[in-house]
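>>> sequence and computational prediction follow.
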Amino acid sequence: MTAQTPSPLSRPFVSLIGAGPGDPGLLTLRGAEALRQADVVLFDYLANPELLRHCPDAETIYVGKKGFSDYISQEQINALIVDKAREGGGKRVARLKGGDVFVFGRGGEEAEACAHAGIGFEVVPGVTSAIAAPAYAGIPVTHREAARSFAVLTGNTKEGGAHYERLSGVDTLVLLMGVRNLDQISTDLIKAGRDPQTPAATVQWGTTPRQRVATGTLATIAGAVREAGLEAPAVTVVGEVARLRDTLRWFDAVPEHHRPLAGRTVAVTRTRDGASALADLVRARGAGVLEVPLIRFAETGNEAALHARLRDLTGVAWLLLTSNQAVTALFTHLRRLGLDARHLAGLRIAAVGPSTARTLAEHGLHADFVPSTPGARHLAAELPAQPGAVTLHLTSQVAEDELERGLTARGVRYERAELYRTEPATLDGGALARLRAADVVTLASGSAARHLAALAGTDLTVAAMGPQTADAAREAGFSRVTVAREATLEALADAAAQAVLHRDGAPSPGR
Ligand code: SAH
């Protein structure tokens, strides 16, 4: 919902944000906040697109130099940042860059472009792959016994040759952008005096489900990388610390068969608010996750009527709240009316499930009633209201009738007020392309299937929560449908893995 108080944040303004090395959990809190505040987001090949869920309403522009036929030069990117910041009287631009902003990747030049244009900017440092990729491979860049110093260098020999002899006193070397030139680089390092037996490791796509590692010595690492087929993006660590992987390996130590979705992308759709527990289950199976909201929240169509209803709640015994969004919107409207939680004193409040109850608690209100099993049906059956008591359901225009039917059948009076609206989400071109590139899309309900078909077409592999959802998906036009063996999120995550196996023609896992 766009119902925030007007932002005091200045425009134009540019946030140069380090996206971290790939694991979406490694974005900083300030980075996430700056994304939320952005009107426009420019992101890179190396910045995980999963992070765009922090800015669902922003315009997103892919300016990566990989994967698109049009090569975008650094000068064009600099100009685009400035143009976007100035657009329409001033915008907040988030420039999301892989790793850290100022570790290679030319963040300094983008900051200079802002400075020269007189546009305010901030720098949000990120977790650099130079340290994080080795860490996820079980290699600390320093260690009291093995290394007291480290240096990060570019292996891109175009950018003005190496001076390896100057680095002779440095214990650990971390090479970025050097996989292609690894033969040459290791030869040069040995020539400059490094022991050919120095342990070395190369980490590709570090911190992501696609992480792969090759190990060897300075003399053998280039061959090992070739043999394993590792390519960019990768970092190579040279130094005694590389040996520690033998004991400290953790992230990629999980056996392959526990990670059936390793290297895959699963699009997780949702038609409700709240965090997606399914995303975590899918991640645990090794996949990268693309969260796709299929609906968005909008203002109620009749604020005057809503405010009249909220202003005078005399006679109402119970408020019924059946989503997190309802709680959020309720407080937005109380604020607009110049009221706060005290206005609800004397009313009893029911939440449809623990998640809604938690959101209430965040606003300082304790739910008087939560049904034993989440859901409108249970709420209707179990609400401790007397016949004749008035309940007020604050909800969206698409509320299902279950609650009303259940309560009226018990003689409880049911009234509904439209607090917000839900509308089909829209996706910009980039988001749509990412969705279509996902290996499988999960559907938790029939309405999700219909929304997805309308949004992205039906040429997608989908995993459905149960037979009803699967039927709805086929009716909506999807032909590659895998059904979860039971209606749980665990089973849906397994179904996603199965869907990918089937599609790739691999033998069925025989479960
Ligand atoms: N600013 C970035 C580096 C940009 S230069 C940072 O701080 O991480 C691009 C190089 O970074 C790639 O060629 C590769 O060497 C390295 N890199 C970025 N992400 C990586 C990842 N997830 N795994 C391994 N190397 C990565």
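Received it, and whenever you're ready, just let me know what you need. Residues are numbered from 1 along each chain as shown.

>>> how about the residues of the stretch 101-250 of the chain near the ligand?
Contact residues (Cβ under 6 Å from any ligand atom) of the stretch 101-250 of the chain with the ligand: 103-105, 128-130, 133, 176-177, 203, 205-208, 232-235. Placement of C-beta: from N, CA and C, glycine included.

>>> swap the cut-off to 5 Å and go again
Proximity of the stretch 101-250 of the chain to the ligand (Cβ under 5 Å from any ligand atom) is limited to residues 103-105, 128-129, 133, 176-177, 206, 232-235.

>>> the residue of the stretch 301-450 of the chain found nearest the ligand: neighbour count?
Distances between the stretch 301-450 of the chain and the ligand by Cβ to the nearest ligand atom are smallest at Arg434, namely 17.7 Å. When neighbours are counted by other Cβ atoms under 10 Å, Arg434 registers 19.

>>> and for the one 3 residues further on?
Residues near Ala437, counting by other Cβ under 10 Å, number 12.

>>> break this protein down into its structural domains.
If you go by automatic domain parsing, the domain ranges for the chain are 13-127, 131-248, 256-294+427-503, 298-424.

>>> save those domains as TSV, and put in mean pLDDT too.
Below are the domains of the chain laid out as TSV (pLDDT from 0 to 100):
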stretch	mean pLDDT
domain 13-127	91
domain 131-248	93
domain 256-294+427-503	89
domain 298-424	94
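
>>> number of residues surrounding Gly108?
Neighbour tally, Gly108, other Cβ under 10 Å: 13.

>>> so what's it closest to, chain neighbours aside?
Excluding the flanking residues, the one nearest Gly108 by Cβ to Cβ, 6 or more residues apart in numbering is Phe102, at 5.9 Å.

>>> from what I can see Ala438 touches Leu261, true?
No. Taking contacts as Cβ atoms under 8 Å, Ala438 lies outside contact range of Leu261: 11.2 Å.

>>> can you tell me which residue of the chain sits closest to the ligand?
Across the chain, no residue is closer to the ligand than Gly99, which sits at 1.9 Å (Cβ to the nearest ligand atom).

>>> ok, that residue to Arg249 distance?
22 Å (Cβ to Cβ, to the nearest Å).

>>> ok, the two, which is more surrounded?
Remark: of Gly99 and Arg249, Gly99 carries more neighbours, 32 against 15, as counted by other Cβ under 10 Å.

>>> one step back: in strands, which of the residues of the stretch 101-250 of the chain next to the ligand fall?
Those of these mapping onto strands are 176, 234-235, per DSSP state E.

>>> show the contacting residues for the residue nearest to Gly108.
108, 123, 125 (Cβ atoms under 8 Å, 6 or more residues apart in numbering).

>>> hmm, 10 Å instead?
Contacts for Phe102 (Cβ atoms under 10 Å, 6 or more residues apart in numbering) come out as 16, 18, 108, 110-111, 123, 125-126, 128.

>>> filter these to the buried ones?
When these are checked for burial by 16 or more other Cβ atoms under 10 Å, the buried set is 16, 18, 110-111, 123, 125-126, 128.

>>> and those residues, which is closest to His378?
Gly126 (44.6 Å; Cβ to Cβ).

>>> nearest spatial neighbour of that closest one, skipping sequence neighbours?
In this structure, Gly126 finds its nearest non-sequential neighbour in Gly18, 1.7 Å apart by Cβ to Cβ, 6+ apart.

>>> could you tell me which residues touch both of Ala438 and Leu261?
The contact sets of Ala438 and Leu261 overlap at 287-289, 496 (Cβ under 10 Å, 6+ apart).

>>> now, the residues you listed that are in helices?
Among the shared contacts of Ala438 and Leu261, the residues falling in helices (DSSP state H) are Ala496.

>>> looking at the shared contacts of Ala438 and Leu261, which has the most residues close by?
Ala496 (30 neighbours).

>>> am I right that that residue is in contact with Arg283?
No. Taking contacts as Cβ atoms under 10 Å, Ala496 lies outside contact range of Arg283: 11.4 Å.

>>> how about Gly107, nearest residue that isn't a chain neighbour?
Val101 (3.8 Å).

>>> tell me the SS of the one you found?
coil (DSSP: H, G, I helix; E, B strand; the rest coil).

>>> and it, how many neighbours?
Val101 has 25 nearby residues by other Cβ under 10 Å.

>>> so what's it up against?
15-19, 31, 95, 107-108, 110-111, 123-126, 128 are the contacts of Val101 under Cβ under 10 Å, 6+ apart.

>>> against Leu16, how distant is it?
Relative to Leu16, Val101 is positioned 5 Å away (Cβ to Cβ).

>>> overlap in contacts, the two.
Taking Cβ under 10 Å, 6+ apart as the criterion, Val101 and Leu16 both touch 95, 107-108, 110-111, 123-126.

>>> among those residues, which lie within strands?
95, 123-124.

>>> distance to Thr458 for those - can I get that in TSV?
As requested, those are arranged in TSV below (distance: Cβ to Cβ, whole Å):
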residue	distance to Thr458
Arg95	35
Val123	44
Val124	40
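
>>> hmm, Ala284 and His258 touching each other?
Yes. Using Cβ under 10 Å, His258 is in contact with Ala284, at 8.6 Å.

>>> who has more neighbours out of these two?
Using other Cβ under 10 Å, the more surrounded residue of His258 and Ala284 is Ala284, with 14 against 10.

>>> for that one, which non-adjacent residue is spatially closest?
Ala493 (7.8 Å).

>>> can you list the buried residues in the helix or strand encompassing the one you found?
Per DSSP states H and E: Ala493 is located in helix 489-503. Residues 489, 491-500, 502 are the ones in helix 489-503 that count as buried (16+ other Cβ under 10 Å).

>>> ok, those vs Ala85, which is closest?
Distance ranking of the buried residues of helix 489-503 against Ala85, using Cβ to Cβ, places Ala496 first at 39.6 Å.

>>> ok, that closest one - contacts?
Residues near Ala496 by Cβ under 10 Å, 6+ apart: 260-261, 264, 266-268, 278, 281-282, 285, 287, 438-442, 461-463, 482, 484.

>>> rerun at 7 Å
Taking Cβ atoms under 7 Å, 6 or more residues apart in numbering, we find Ala496 in contact with 261, 266, 282, 440, 442, 463.

>>> and the spatially closest residue to Val14 that is not a sequence neighbour, how many neighbours does it have?
Closest residue to Val14 apart from its sequence neighbours, by Cβ to Cβ, 6+ apart: Phe121 at 4.2 Å. By the criterion of other Cβ under 10 Å, Phe121 has 20 neighbours.

>>> which of the buried residues of helix 489-503 sit farthest apart?
Of all pairs in those, the most separated under Cβ to Cβ is Leu489 and His502 at 20.2 Å.

>>> other residues contacting stretch 484-491?
So stretch 484-491 is contacted by 277-278, 281, 463-466, 492, 494-495 (Cβ under 7 Å, 6+ apart).

>>> contacts only, for Ala234.
So Ala234 contacts 179, 202-204 (Cβ under 7 Å, 6+ apart).

>>> do the same with Ala380
Ala380 sits next to 402-403, 406-407 when contact means Cβ under 7 Å, 6+ apart.

>>> surely Ala473 is in a strand?
No. Assigned with three-state DSSP, Ala473 falls outside any strand and is helix.

>>> the residue found closest to it once you drop the neighbours it is linked to in the chain: what's it in contact with?
The shortest distance from Ala473 to any non-neighbouring residue, by Cβ to Cβ, 6+ apart, is to Ala449 (4.1 Å). Applying Cβ under 7 Å, 6+ apart, we find Ala449 in contact with 443, 469, 472-473, 476, 478.

>>> counting neighbours, which of those comes out on top?
Neighbour-wise, the contacts of Ala449 (other Cβ under 10 Å) top out at Leu443, 33 neighbours.
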